[in-house]
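# Take a look and give me a structure for this.
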Amino acid sequence: MSLTAAQMAEIESSPFKQDFPLLSQNPDLVFLDSAATAQRPATVLDAERRFYETMNANPLRGLYRLSVEATAAIEDARAHIARFIGAVDEGGKPLSDEIVFTRNASESLNLVAHTLPEVVGLGPGDEVAISIMEHHSNLIPWQQVCRATGASLVYLRPDENFEITHEEAEAKIGSHTKILSITHVSNVLGVENPVAALAARAHDMGALVVVDGAQSVPHLPVDVRELGCDLLAFSAHKLGGPMGIGVLWGKKQLLDAMPPFLTGGEMIDSVTETDAVWAPVPAKFEAGTQDAAGSYATDAALSYLERFGMEDLERRERLLATYLTDALAALPFVHVIGPSDGSRHVGAVAFNVEGIHPHDVASILDMSGICIRAGHHCAQPLLAWLGESSTCRASVAFYNDKADIDRLVEGLNVVWSVFHGRQ
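Alright, predicted model coming up:
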């Protein structure tokens, strides 16, 4: 193993599991699918219940106390999210009006794909650059956009070390590039892409930069100013918040220029029989009743993470990912897909068991209470490029510990014995 004894001691047990009801109430459960969705701490569950018990009302639409409090809950969450991702002015004040609530990262990315092309005037001869690592949510919308506008979709591909190199960026991001939309962290390979460098290249070429932060915001300290992006999307449920809440951050002047994605109540300033005037951002993009309870609970999720500090949580997860990668690589019948250096995996580690379909692997592991992912992970072009049709994926979060990974290894030995007999 590449971890020192002191590092192994850091992940020997988890002081966090007691905060997560599903984990604390099921001590034999091994949850290694946090890349798909995280577990929720009790503080988040309590917050959502508290909203409905103490301030349940339709936000923005009433002048009575409950409605005012519901509205304030949304706005407090908006400001907290802005601070969490570094969307602040020079004085440190959160730029709340740059935070748009959606249902999930997929909706955020679809919003961008349906509105940003109008801003940049995307058309024949233009290019949209993405990576081969993209989740379908940051791939299919751009396929559709390019098909509709006549623009071309260009793929950046990593080298043999799973890195998008400077040379690849120069070759693929050029004078015809109007939009670069890139994942910060691959949900299959777990690698962190050099977003700041790619964004600098794109801006030099006059392009706008969109970042899919679904797999990075829950695991890394993320600062949108340091990344140099123009828009960032992520989901609350992957960082311990509720399902059904997504976030789109965008530079104010860009959001102002983008047309609305959905229309209806609350996103208008005025309406006549023949026309409408849009409300200012972020309301322009938030048609209909928002999930105020979910926003309030997301606020609580961020507070929980900040109690421990994202830098410290990242360090713990890097150690867990290193131990996981090393443990899998030590099994002669397991092939790790992605970097051999476990510290380069941000949470997720993909692998396959020789001669056994990932669905069979996951099903047998489930009999022992071990939860992993199996399939194409909504990244079929990446898997095709890797020469795989599907993979297993184990993904860690800070609440995991060494025992979870040891149980996975034991389970994989059982999987092998089921098909091959005891060795």
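
# mind checking how far the spatially closest residue to residue 161 that is not a sequence neighbour is from residue 134?
Distance criterion CB to CB, 6 or more residues apart in numbering; nearest residue to residue 161, sequence neighbours excluded, is residue 339 at 7.0 Å. Every C-beta, even on glycine, is put in place using the N, C-alpha and C of the backbone. To residue 134, residue 339 is 18 Å away according to CB to CB, to the nearest Å.

# So between the two, which is more surrounded?
Legend: neighbour count by other CB atoms under 10 Å for residue 339 and residue 134, higher for residue 134 (24 against 17).

# The more buried one should be in a strand, yeah?
No - read with DSSP: H, G, I helix; E, B strand; the rest coil, residue 134 is coil and lies in no strand.

# if you average pLDDT over whichever strand or helix holds residue 111, what comes out?
Here residue 111, judged by DSSP states H and E, is contained in helix 105-120. Throughout helix 105-120, pLDDT has a mean value of 98.

# which secondary structure elements does that helix contact?
strand 99-102, helix 140-149, strand 177-183, strand 208-212, strand 231-235, strand 246-250 (3 or more CB pairs under 8 Å, 6 or more residues apart in numbering; DSSP states H and E).

# how big is the angle separating that helix from strand 177-183?
For helix 105-120 against strand 177-183, the angle by axes from the mean of the first three to the mean of the last three CA atoms, to 10 degrees is 170 degrees.

# Could I get the phi/psi values of the residue sitting furthest away from the middle of the chain?
Centroid-distance maximum for the chain: residue 273 at 40.9 Å, with CA atoms, centre = their mean. Main-chain dihedrals, residue 273, degrees, to the nearest 10: phi -70, psi -20.

# ok so, going back, which of the helices and strands packed on helix 105-120 sits closest to residue 349?
Within those, the stretch nearest residue 349 is strand 177-183; the backing value is 16.5 Å (CB to CB).

# Could you check how far that closest one is from the centre of its chain?
17 Å (CA atoms, centre = their mean, to the nearest Å).

# So which other helices or strands are in contact with it?
helix 105-120, strand 127-131, helix 195-204, strand 208-212.

# any idea which of those is most buried?
strand 208-212 (a mean of 27; mean count of other CB atoms under 10 Å).

# quick one: contacts of it?
The set of residues external to strand 208-212 that reach it, using CB atoms under 8 Å, 6 or more residues apart in numbering, is 105, 109, 112, 116, 119-120, 134-135, 137-138, 178-184, 195, 198-199, 202-203, 227-234, 254.

# Relative to that strand, what are the paired strands and their orientations?
Using DSSP bridges, strand 208-212 pairs in its sheet with strand 177-183 (parallel), strand 231-235 (parallel).

# So which bits of the strand or helix carrying residue 294 are buried?
If you go by DSSP H and E, residue 294 is part of helix 292-308. By neighbour count with 16 or more other CB atoms under 10 Å, helix 292-308 contains the buried residues 292-302, 304-305.

# One more: stretch 49-56?
50, 51, 55.

# Redo the residues you listed as JSON lines? Include secondary structure and pLDDT.
Formatted as JSON lines, those follow (DSSP: H, G, I helix; E, B strand; the rest coil; pLDDT from 0 to 100):
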{"residue": "50", "secondary structure": "helix", "pLDDT": "96"}
{"residue": "51", "secondary structure": "helix", "pLDDT": "95"}
{"residue": "55", "secondary structure": "coil", "pLDDT": "91"}
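
# Please consider this matter closed, and thank you.
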